[in-house]
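output the structure for:
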Amino acid sequence: MDEDLQQMSKDQLIEEIKKLRAAIREHRDSTGQDLCWHHPKLWGLLPEKIDPKISVPEWPEFMKGCIRYRQSLEEQNR
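Sure thing, here's the model as predicted:
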């Protein structure tokens, strides 16, 4: 899956790491609805491309996931 890394020079690897770190920091420092679980911009940094269309669960299941996510944030902030 990460065979492309074998072909990169040291300088290319460093640039790749900097790009990934910047994206992770951008996500980490986001707030509000930007923290939603759908992150095609972040996923786009991977060499394997995926269809950005996603399967969205029905509202009751979707809302359960939102509640679990919010509860997790509460627990982490204690």
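
mind checking how far stretch 49-69 is from the chain centre?
Distance of stretch 49-69 from its chain centroid, counting by C-alpha atoms, centre = their mean, to the nearest Å, is 14 Å.

pLDDT of that stretch, averaged?
For stretch 49-69, mean pLDDT rounds to 83.

first-to-last residue distance for it?
With C-alpha to C-alpha, to the nearest Å as the measure, stretch 49-69 spans 26 Å from end to end.

do the same with stretch 27-46
Distance between the boundary residues of stretch 27-46 (C-alpha to C-alpha) amounts to 15 Å.

what's in contact with it?
19-20, 23-24, 50, 52, 54, 65, 69 (C-beta atoms under 8 Å, 6 or more residues apart in numbering). To be clear about C-beta, it is placed using only N, CA and C from the backbone, and glycine gets the same treatment.

swap in 10 Å and give it another go.
Residues from elsewhere that reach stretch 27-46 (C-beta atoms under 10 Å, 6 or more residues apart in numbering): 1-2, 16, 19-20, 22-24, 26, 49-54, 56, 65-66, 69, 73.

in stretch 25-45, what's buried?
By 16 or more other C-beta atoms under 10 Å, stretch 25-45 has no buried positions at all.

residue 17 versus residue 24, what's the distance?
Applying C-beta to C-beta, to the nearest Å, the value for residue 24 to residue 17 is 10 Å.

now swap in residue 54 and tell me
Residue 54 is 27 Å from residue 17, by C-beta to C-beta.

likewise residue 42?
15 Å.
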